[in-house]
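> after the sequence you'll find the predicted model.
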Amino acid sequence: MTENERSPGQGGWLVAVISVSLLVAVVAGGALWIVHLNNRPGGQAAPAAGAPGGMGGGAGGGGMKVQFATVIQRTVADSIELPATVEPIRSAVVGGEIAGRVKTVHLRDGDDVAANQVIVELDHDLMDLEQAQAESVLKSLDEKAKSLQAQLTQAQFEYDRLAGLQQENKATQREVVIAKSVCDSAHAQFAQAQADTRAQSDRIAYIKRQIEKTMIRSPFDGQVTQLLTEQGEWLAVGSPVVQVTDLHELLVVSNMPDRLIGGIQPGMDATVRLPDVSGVRSVAGKIRWVIDRGDAQAHTFPVKVLLTNDSRRTIKPGVFASCLFTIGQPHPRLLVPQAAVVSIRVGGGPAYDAIYTLGPPPGMPMGAGGPPGAGKPATDAAVGGGAPAAMPAMPLMAIRTPVLSGAFYGDWQVVVCDGLKAGDRVVVRGNETFAAIPAPMLPVEITGESTSAQLPPDLVPTTQPQAEPGPAAPQPAGGSSADALRPASVAEVRRP
């Protein structure tokens, strides 16, 4: 068989042999290059992860620069955070007592109003005329009564004189009887004049009262929150005219679960979290009322916390808030600086709180002196002899750890999470942008330890919010590598 008559199968076999030979050569060349890097003069190893020029986040590494604080444990009281609504302590819809046409509107929505100040005035021109006529009649009756009183005085004097003369037999019985009749008539006329005067005075008082009812006034100090009429409009008796709201004191109403209502009493302190232009602010208040009648379906009881508004009345009725109550006896709890807790939202899921703990990647335990493997010789001898090669240093990672947020004490906050312990390190500065990065672990470089967070020595809650841990952090749709770092369920998280 000639060379040109070889079968196609024999040609393919030769191509395969050549390809395998080339692959072996490439692998051998790569191995020799690695050996060359590991056998630099003086036994210097290639840059390791976390070292200058290497990957990772040790000192001098290429990771994000962060500061850390140490997790501490203190004995603190448990607390619960409940959704709440802010309500005015007093709000009244003022109606008209009489029918009439709206003559003048003195105040509008948003105007401050003092108690008994006129807000809306109805037309009372006809009543004014009626009052003037009644007062004119009263004047005539007064004059008549004065005249009759003078006649009565004269008749009484004449009767008394004749009665005295009769005792001396100087006046007849007939003269005395006539004088008595005149005196009695004067008494009757004067009494009738007095009655007419009183009746006319009562009529004038009634007219004045009706005119007063045309003045629709505020029942207390507050603000006109809704004007329900307009100038020229006809109002029937009882028609709503204006709503007035007292903004000096407010009530924050929460619904307390029946299992906790026994730990709440009027007079206890509470903290209210309110929306603010800078995020959320906290205001101290006191429990004013605990309503004993609960919701039979929800098994909750209304609890009303009294707040005193500031001079600018920045707390508004109707805003959604949360109310924080301290319940039960103190227990040991883990605390981290407030700056360590960030809000995380994965995809379109709900937000949850998390901290970033410092350590090696999961499954690679951190050595006592730093990242494992740093400076340790390799177990296999280097190819070609020479000093043993150093293992690459483990990169220092900031690991996202979902937590249940709790009470605030000074600059510190209670957190609950399985696996977290006192002495662990958490990122407190440099984590501002972590929430926008989907990765659950990030290489970091430590620049120092933060000691700025202040903790009250007596651990009395400040006006910061005290919140019971909420539901477990939600898992993002589709799952991620962060799922292994997150509590599997609420039951697995130790709640205060």
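It's in.
> tell me where the model's unsure across the stretch 251-400 of the chain.
Confidence mapping of the stretch 251-400 of the chain against pLDDT under 70 gives the ranges 278, 363-394.
> and if you look at the stretch 51-200 of the chain?
Scanning the stretch 51-200 of the chain with the threshold set as pLDDT under 70 gives 51-62.
> can you give me the strands in it?
For the stretch 51-200 of the chain, the strands defined by DSSP state E, counting those that start in this stretch cover 64-70, 72-95, 100-105, 112-113, 118-122.
> so for Leu324, which of these sits nearest?
strand 72-95 (4.9 Å; Cβ to Cβ). Just so you know, the C-beta spots here come from the backbone N, C-alpha and C atoms, and that holds for glycine as well.
> what residues of the closest one count as buried?
Buried residues in strand 72-95, counting neighbours by 16 or more other Cβ atoms under 10 Å, are found at 72, 74, 76-82, 84, 86, 88-91, 94.
> now do stretch 117-135
Buried residues in stretch 117-135, counted by 16+ other Cβ under 10 Å: Gln117, Ile119, Val120, Glu121, Leu122, His124, Met127, Glu130, Gln131, Ala134.
> just to check, the third one is in contact with Ile216?
Yes - checked against Cβ atoms under 8 Å, the pair Val120 and Ile216 is within contact range at 4.3 Å.
> between those two, which contacts overlap?
In terms of Cβ atoms under 8 Å, 6 or more residues apart in numbering, Val120 and Ile216 are both contacted by the residues Val241, Val242.
> follow-up on the earlier one: from the buried residues of strand 72-95, which is closest to Ile211?
Closest to Ile211, out of all of those and judged by Cβ to Cβ, is Val94, at 17.5 Å.
> list the contacts of that closest one.
Val94 touches Ile119, Ile216, Arg217, Ser218, Pro219, Pro240, Val241, Val242, Gln243, Val244, counting by Cβ under 8 Å, 6+ apart.
> so the last one sits in a strand?
Yes - in this structure, Val244 lies within a strand as judged by DSSP: H, G, I helix; E, B strand; the rest coil.
> excluding chain neighbours, what is closest to Leu335?
Trp412 (4.3 Å; Cβ to Cβ, 6 or more residues apart in numbering).
> quick check: the one you found vs Gln454, distance?
8 Å (Cβ to Cβ, to the nearest Å).
> now do Val426
Distance of Val426 to Gln454, given as Cβ to Cβ: 17 Å.
> more neighbours: which of those two?
Applying other Cβ atoms under 10 Å to Val426 and Gln454 shows that Val426 carries more neighbours, namely 25 against 11.
> element containing the more buried one?
Assigned by DSSP states H and E, Val426 belongs to strand 425-429.
> next structured bit after that strand?
Downstream of strand 425-429, the next assigned helix or strand under DSSP H and E is strand 441-449.
> helices or strands up against that next one?
When contacts are defined as 3 or more Cβ pairs under 8 Å, 6 or more residues apart in numbering; DSSP states H and E, strand 441-449 packs onto strand 64-70, strand 352-359, strand 397-402.
> quick one: the shortest one to strand 352-359, angle?
Between the axes of strand 397-402 and strand 352-359, defined by axes from the mean of the first three to the mean of the last three Cα atoms, to 10 degrees, the angle is 150 degrees.
> in its sheet, what does strand 397-402 sit against?
Its sheet considered, strand 397-402 pairs with strand 352-359 (antiparallel), strand 441-449 (antiparallel) by DSSP bridges.
> surely Gln210 touches Ile98?
Yes - counting by Cβ under 8 Å, Gln210 touches Ile98, with 6.4 Å between them.
> rewinding a little: state the phi and psi torsions of the residue nearest to Leu335.
phi -110, psi 160 (degrees, to the nearest 10).
> so what's it bridging to?
Note on Trp412: beta-bridge partners Pro337, Tyr409, judged by DSSP bridges.
> any idea how far it is from Ser405?
12 Å.
> quick one: which of the two has more around it?
Taking neighbours as other Cβ under 10 Å, Trp412 and Ser405 compare with Trp412 leading, 26 against 23.
> what is the neighbour count of the closest residue to Gly232 other than its chain neighbours?
Nearest residue to Gly232 in three dimensions, chain neighbours excluded: Val102, at 6.1 Å (Cβ to Cβ, 6+ apart). The number of residues packed near Val102 is 20, by other Cβ under 10 Å.
> check Arg101 too.
13.
> list the contacts of the residue lying closest to it once chain neighbours are set aside.
Nearest residue to Arg101, sequence neighbours excluded (Cβ to Cβ, 6+ apart): Asp123, at 4.6 Å. By Cβ under 8 Å, 6+ apart, the contact list for Asp123 reads Gly100, Arg101, Val102, Lys103, Thr214.
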